[in-house]
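**Student:** Take a look and give me a structure for this.
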Amino acid sequence: MRIALFEPEIAGNVGAVLRLGACLGAEVDLIEPMGFTWDDRRVRRTAMDYIDHVAVTRHAGFAAFHATLGARRLLLFTTRGGQSAYDFRFRADDVLLFGKESAGVPPAVAATCDAQLRLPIRPQVRSMNLATAAALALGEAMRQTAGLPD
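**Tutor:** From the prediction side, this is the model:
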């Protein structure tokens, strides 16, 4: 299972997702441009020494990333998703895509996805933190596919 972040803007969120990937054994794809310098110490501070335990691939843009998918499904998590992630059937090789914090993904990127999923939230709020959303989505996907570590 892979987590992909489309043009992430906040180093702390990327660090937290890297730590999540390390803990659960998921690869992380970072789709550039990013809103911060990669060597930003905030990434390392958030990811701590976990950064050495996660496979991270940086991609020059969405087209370069998309070319790596092969037959894997690309699943977009968006507040506009038509189906709850809890009603969706995941596969062990799915790629979970999350948009940039301020704007999500452009329509052209959304159109390439095999499904657009949402995490249910109360109507009084707009969205979850990126790292929190990634944790909920990855946890459910790995639970369904028996991929959680023992």
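
**Student:** Now for the nearest residue in space to residue 55 that is not next to it in sequence, how many residues are close by?
**Tutor:** Using Cβ to Cβ, 6 or more residues apart in numbering and skipping the chain neighbours, the partner closest in space to residue 55 is residue 27 (4.4 Å). (Glycine included, C-beta is placed from N, CA and C.) Per other Cβ atoms under 10 Å, the neighbour tally for residue 27 reads 14.

**Student:** now residue 147
**Tutor:** By other Cβ under 10 Å, neighbour count at residue 147 equals 15.

**Student:** Next one: it from residue 127, what distance?
**Tutor:** In this structure, residue 147 and residue 127 are 26 Å apart, going by Cβ to Cβ, to the nearest Å.

**Student:** rewinding a little: read off the pLDDT value for the residue nearest to residue 55.
**Tutor:** Here, the pLDDT recorded for residue 27 equals 97.

**Student:** I'd say it and residue 17 touch.
**Tutor:** No: in this structure residue 27 lies outside contact range of residue 17 using Cβ atoms under 8 Å: 11.1 Å.

**Student:** Which strand residues bridge the residue nearest to residue 55?
**Tutor:** residue 2 (DSSP bridges).

**Student:** Roughly how far does it sit from residue 127?
**Tutor:** Relative to residue 127, residue 27 is positioned 24 Å away (Cβ to Cβ).

**Student:** swap in residue 94?
**Tutor:** 21 Å.

**Student:** neighbour-wise, which of the two wins?
**Tutor:** Neighbours were counted for residue 94 and for residue 127 using other Cβ under 10 Å; residue 94 has more, 23 against 14.

**Student:** Show the pLDDT at the nearest residue to the more buried one once chain neighbours are set aside.
**Tutor:** Counting by Cβ to Cβ, 6+ apart, residue 94 lies nearest to residue 73, which is 5.1 Å off, once chain neighbours are set aside. With respect to pLDDT, residue 73 scores 98.

**Student:** So which residues of the chain form strands?
**Tutor:** Here the chain has its strands, by DSSP state E, at 2-6, 27-31, 56-59, 74-77, 83-84, 95-98, 115-118.

**Student:** Select the helix or strand of the chain having the lowest average pLDDT value.
**Tutor:** helix 41-47 (a mean of 68; mean pLDDT, DSSP states H and E).

**Student:** Who are the contact partners of residue 30?
**Tutor:** By Cβ atoms under 8 Å, 6 or more residues apart in numbering, the contact list for residue 30 reads 4, 5, 8, 14, 56, 57, 58, 59.
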